[in-house]
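[1] A predicted structure for the sequence below; I have some questions about it.
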Amino acid sequence: MSRSAATPDASTSAVLQALLSETREPTLPSLVQLPSAGAPSQIRITQSLRLLPGHRWVVAGTRVGIQEGGADAKVLLKLFVGPKAKRHFARELAGAQRLAASGVPTPALLDHGALADGAGADNRLGYCAFVLYDWVEAETLTVAPSEADFLRVVTTVAAMHEQGVQQTDMHLGNFMVNDEQLLAVDVSSIEALPNGRRGRKAQLDNLAVLFAQRYVTATQRELVGWTQAYQRARSAAWVSDDASLPQQLEKRTQTQRYLRVFRYLRKSVRDCTEFRVELSDTQRFVCVREHFDESFAAFARHPERVMNNAEVLKAGNTATVVRARLGGRSCIIKRYNIKNRQHQILQTLRRPGRAERSWRNALRLQFLGLPTAAPLALLETWRGALRDTAYLVLEDLGNEDLLQAVQTLEDAQRWAPQAASLLGTLRYCGLVHRDTKATNFIVHNNQLHLIDLDSMKETAYYYGRWRDHPGYNKDEARLLRNWTGELRAPFAEALARLKNA
């Protein structure tokens, strides 16, 4: 039940002021008093789940003394602050009500209302609001759920569409599963489906976004199975009786995968939940937020100190590669050297630079679920208006490459299908590596990982397919040139089988 806003108490005001200050590390535990007709409902915040500074905070906590006998009840609380708080609160509430009305399982809405209404000369908080949900013991789905769990998501999406609603921010993290049921969460993105042909398109695109969450190695048979599961859960004839739906969804899935990657890479060099960005007049430092600590901060301040004390793996004119320890873990650091002033001018004119291209490409492969060295940090330095030395920090996968791993015919027969499959998947995603020598395939945990992504490029895309590109065949030819005779034959056969599949 919503209640009119009261002046927030000191502890609640401190929490809201901290969020408005755009801090990413609010003090925990914290207390928030929710307005009530009688005694205020007190929430003790114990865990931060998601924080968008200056906008929204999603937390886990306990509702003090609400259960029988005065016991605390675990709850999920969303706090809305900032200039868009009223709009975000309204969307959250409308989405929760739509989803509850549809009958799709979702955490129960317990309470909602305004914490401050922006009135009064002494109220600097502006409009602030909250939505309180019951806590459900369940696990958020991973990016690689089991086939059974993924099919449960497909049928849940079908149930949403059947009731005329859609999840506009469709991703697996917006579903939770336990032994009893699968629940839809993040109700702020629940919207009503449009009518008519626009509604049909919206439903297929919504489903295609879900299919695009799965790794690109999913087979045609799996996609058909997912589509048929969706059709069985729908009553509308245009869905259940359309035999061409799998083919339509394959094209739409390819398009949605392309758009998802595009949107993800756009945020890979700006400060956000996943990435920490520090800018100055002389450098730009980007780090995966979960890995950032004092050792990465020290590296950003004095990168050459780390380079000078590291194990040199490659010392070339254009790049130097070393192995060093950062944050208690072994990392590979690739320094992109500047050879002379002419080279510096040319690198400045190229946008993005070599290090950023490699950073984006590594994130692209990682986002698509393809094995590569995980990118950890990017450091670019500038001298005036000219680009200077840049550094890329990557996960250390070890020293064994495909050239070392393939010494016998048995070795070649073991690794050829995996190498061919990796190139085939790159082609399916419209990517050309352009340097597929065997030393750029690292063997780690019995799996091939593709590295040295400086030159990798994306080919032209048309709706539902990638344009044929001569680089695909060049990648395959370069891979085959690593071996001769009997060692080459298994790789040639594996590539041929992939093309004929």
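    Yep, it's here.

[2] could you dump stretch 282-294 to CSV, C-alpha only?
    Extracted C-alpha coordinates of stretch 282-294, given in CSV (Å, rounded to 0.1, in the frame of the first residue of the first chain):
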residue,chain,number,x,y,z
THR,A,282,47.6,12.5,-20.0
GLN,A,283,46.0,9.1,-19.8
ARG,A,284,42.8,7.0,-19.8
PHE,A,285,42.7,3.9,-17.5
VAL,A,286,39.9,1.4,-17.9
CYS,A,287,39.6,-1.6,-15.5
VAL,A,288,37.1,-4.4,-15.0
ARG,A,289,35.6,-3.2,-11.7
GLU,A,290,35.6,-6.5,-9.9
HIS,A,291,39.4,-6.8,-10.5
PHE,A,292,40.4,-3.3,-9.5
ASP,A,293,42.5,-2.9,-6.4
GLU,A,294,45.6,-1.0,-5.2
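
[3] how distant is that stretch from the center of its chain?
    17 Å (CA atoms, centre = their mean, to the nearest Å).

[4] now do it: everything it contacts.
    Residues outside stretch 282-294 that contact it (CB atoms under 8 Å, 6 or more residues apart in numbering): 268-269, 273-279, 296, 300, 327, 359, 375-383. No exception for glycine: its C-beta is placed from N, CA and C like everyone else's.

[5] so for it, what gets flagged as buried?
    Across stretch 282-294, burial judged by 16 or more other CB atoms under 10 Å covers Gln283, Arg284, Phe285, Val286, Cys287, Val288, His291, Phe292.

[6] so after the longest helix along the chain, what's the next helix or strand?
    Counting residues, the longest helix in the chain under DSSP state H turns out to be helix 245-266. Note on helix 245-266: by DSSP states H and E, the next helix or strand toward the C-terminus is strand 275-279.

[7] packing partners of that following strand?
    With contacts taken as 3 or more CB pairs under 8 Å, 6 or more residues apart in numbering; DSSP states H and E, strand 275-279 sits against strand 283-288.

[8] the inter-axis angle of the helix or strand just after the strand it packs on versus strand 275-279?
    Per DSSP H and E, the first helix or strand lying C-terminal to strand 283-288 is helix 294-301. Per axes from the mean of the first three to the mean of the last three CA atoms, to 10 degrees, the angle that helix 294-301 makes with strand 275-279 is 30 degrees.

[9] buried residues in helix 294-301?
    Ser295, Phe296, Phe299, Ala300.

[10] for the closest residue to Ala233 other than its chain neighbours, pull up the helix or strand it's in.
    Nearest non-adjacent residue to Ala233, counting by CB to CB, 6 or more residues apart in numbering: Ala158, 3.6 Å away. Take DSSP H and E as the rule and Ala158 turns out to sit in helix 147-162.

[11] just give me the neighbour total for the nearest residue to Thr168 once chain neighbours are set aside.
    Spatial nearest neighbour of Thr168, excluding adjacent residues (CB to CB, 6+ apart): Ser189 at 4.5 Å. By other CB atoms under 10 Å, 16 other residues sit near Ser189.

[12] ok, back up a step: quick one: contacts of the longest helix of the chain?
    By CB under 8 Å, 6+ apart, helix 245-266 touches 204-205, 207-209, 211-212, 216, 220, 223-224, 227-228, 231, 239, 242, 360, 363-364, 367-368, 429-430, 461, 463-466.

[13] the same query, at a cut-off of 6 Å, please.
    For helix 245-266, the surrounding residues in contact (CB atoms under 6 Å, 6 or more residues apart in numbering) are 204, 208-209, 211-212, 223-224, 227, 360, 364, 367, 461, 464.

[14] tell me which of the residues you listed fall in helices.
    Going by DSSP H, the helices hold Leu204, Ala208, Val209, Phe211, Leu223, Val224, Thr227, Arg360, Arg364, Phe367 from the contacts of helix 245-266.

[15] need those residues in JSON lines with neighbour count, can you?
    Shown next, in JSON lines, are the ones in helices among the contacts of helix 245-266 (neighbours: other CB atoms under 10 Å):
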{"residue": "Leu204", "neighbour count": "19"}
{"residue": "Ala208", "neighbour count": "21"}
{"residue": "Val209", "neighbour count": "23"}
{"residue": "Phe211", "neighbour count": "23"}
{"residue": "Leu223", "neighbour count": "17"}
{"residue": "Val224", "neighbour count": "15"}
{"residue": "Thr227", "neighbour count": "22"}
{"residue": "Arg360", "neighbour count": "21"}
{"residue": "Arg364", "neighbour count": "22"}
{"residue": "Phe367", "neighbour count": "15"}
